[in-house]
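>>> the sequence and its predicted three-dimensional model are supplied below.
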Amino acid sequence: SGNAVPRWYIGFLGDCPPANRAGRKPQNLYILPGGIAEVFTASPGSDIIICKTRTGLFRLSLECRAQILPVYVFGANDFFYNLVNVSGNTSGPTSNGSDGGRGGLLSFISRRLRATITLFWGRFGLPIPYAPRVCMVIGKPLEIPTNKNWGLAEIEQLRNAYIDEMKLIFNKYKTAAGRPNVELEVR
């Protein structure tokens, strides 16, 4: 949903070295596929996902043979404003780190720390969230190829299947979620 609320669960069905570097054996993993760039696009009323150029999560899914379950949260961007998008900028950081001059330093620091650093506020200018209408919708699990010799073509196929399923569930449920006139923007 182009926001700070993750929309993917990955169920690890076996041992997965990349996921277990911290010594844990996760059963489910909740990941924001757009990463820090997606957080910097979040602003009330926006419906943006960033995954056209993202491959890491799809690669991890194939490597671990983990199923991806697309999830979209309508209204998840409506809890807070953030410093980068206060003036309506929803372009977010680009692949080279530029975000049109807004939040460039915050974006740069966030990527280096691998944690989002931004100022945010809600009601009364305080870190008290607004109370938006929120609706979570869940798509169909994506099929993971059975061959162990996967490559870029399989990564792109999985990413395209994810984008297609996200668009499908968005369009199917946007009226019920109270957002009948919006479109999902995929970057």
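Sure thing, it's come through.

>>> so who does the residue nearest to residue 129 when sequence neighbours are not counted touch?
Distances taken as CB to CB, 6 or more residues apart in numbering place residue 79 nearest to residue 129, at 4.1 Å, with adjacent residues excluded. (C-beta placed from N, C-alpha, C; glycine too.) By CB atoms under 8 Å, 6 or more residues apart in numbering, residue 79 lies in contact with 122, 129, 130, 132.

>>> mind giving me the packing neighbours of the helix or strand containing residue 57?
Element membership for residue 57 (DSSP states H and E) is helix 56-64. Helix 56-64 is packed against strand 8-11, strand 67-74, helix 152-173, with contacts defined by 3 or more CB pairs under 8 Å, 6 or more residues apart in numbering; DSSP states H and E.

>>> what about 7 Å?
On a contact count with 3 or more CB pairs under 7 Å, 6 or more residues apart in numbering; DSSP states H and E, helix 56-64 meets helix 152-173.

>>> circling back: quickly note the distance from the residue nearest to residue 129 to residue 175.
22 Å (CB to CB, to the nearest Å).

>>> helices of this protein, start to end?
35-39, 56-64, 104-113, 152-173 (DSSP state H).

>>> want to throw the ones you listed into a markdown table with mean pLDDT?
As requested, the helices of the chain are arranged in a markdown table below (pLDDT from 0 to 100):
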| stretch | mean pLDDT |
| --- | --- |
| helix 35-39 | 76 |
| helix 56-64 | 88 |
| helix 104-113 | 80 |
| helix 152-173 | 96 |
